[in-house]
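[1] Next one to model:
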Amino acid sequence: MFDYYKLAETSERLITDRGRSITFIQNPETPVDSTKPWKAQTGADVVFTTKAVFLPPRSVTQFGLSALGQGTEFEDLIASSEYFAIFFPGTIDCRNFIKVQDGLETFGIKAIQILQPGDVQLLGLVGMRR
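    Numbering: from 1, shown residues only. Sure thing, here's the model as predicted:
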């Protein structure tokens, strides 16, 4: 039987050694007034900081985006950027995060995929767009 835990350790080590820090952000789920859930939310954002390796540009279509890695698209003279990064999720459930902060820039999450054989999360792929 294959040892996915050892592969997860290798994945984490390689990404940590060669990646840069990014922060996943999830807005709090508790409204100010539970009888008015449409009002502004309260509390601090939930964050998960990890290392990520950003992918070089390629001509691949993934998640409906036109590039893999960093790219820029202009629509009506407004530029939007796309990024793809590989990260090690560990035991964190990343499905509820909505933004990624990379240095001083904040990106919306377009999609997340997790490579998880059995109960071991090996890699995460996040597609981001500004």
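[2] Can you show me the strands along this protein?
    Along the chain, the stretches classed as strands by DSSP state E are 20-26, 46-54, 71-75, 78-87, 99-102, 105-115, 123-129.
[3] hey, what's the spatially closest residue to residue 94 that is not a sequence neighbour bridged with?
    Leaving aside its chain neighbours, residue 94 sits nearest to residue 112 (5.3 Å; criterion: Cβ to Cβ, 6 or more residues apart in numbering). Just so you know, the C-beta spots here come from the backbone N, C-alpha and C atoms, and that holds for glycine as well. Beta bridges link residue 112 to residue 126 when assigned by DSSP bridges.
[4] Can I get the strands of the chain in a markdown table including mean pLDDT and distance to residue 35?
    What follows is these, written out as a markdown table (pLDDT from 0 to 100; distance: least, Cβ to Cβ, whole Å):
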| stretch | mean pLDDT | distance to residue 35 |
| --- | --- | --- |
| strand 20-26 | 92 | 23 |
| strand 46-54 | 89 | 23 |
| strand 71-75 | 56 | 40 |
| strand 78-87 | 74 | 38 |
| strand 99-102 | 91 | 28 |
| strand 105-115 | 87 | 30 |
| strand 123-129 | 86 | 35 |
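[5] Distance to residue 12 and mean neighbour count for those strands - can I get that in JSON lines?
    Shown next, in JSON lines, are these (distance: least, Cβ to Cβ, whole Å; neighbours: other Cβ atoms under 10 Å):
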{"stretch": "strand 20-26", "distance to residue 12": "14", "mean neighbour count": "17"}
{"stretch": "strand 46-54", "distance to residue 12": "9", "mean neighbour count": "16"}
{"stretch": "strand 71-75", "distance to residue 12": "28", "mean neighbour count": "11"}
{"stretch": "strand 78-87", "distance to residue 12": "10", "mean neighbour count": "18"}
{"stretch": "strand 99-102", "distance to residue 12": "18", "mean neighbour count": "19"}
{"stretch": "strand 105-115", "distance to residue 12": "13", "mean neighbour count": "15"}
{"stretch": "strand 123-129", "distance to residue 12": "10", "mean neighbour count": "21"}
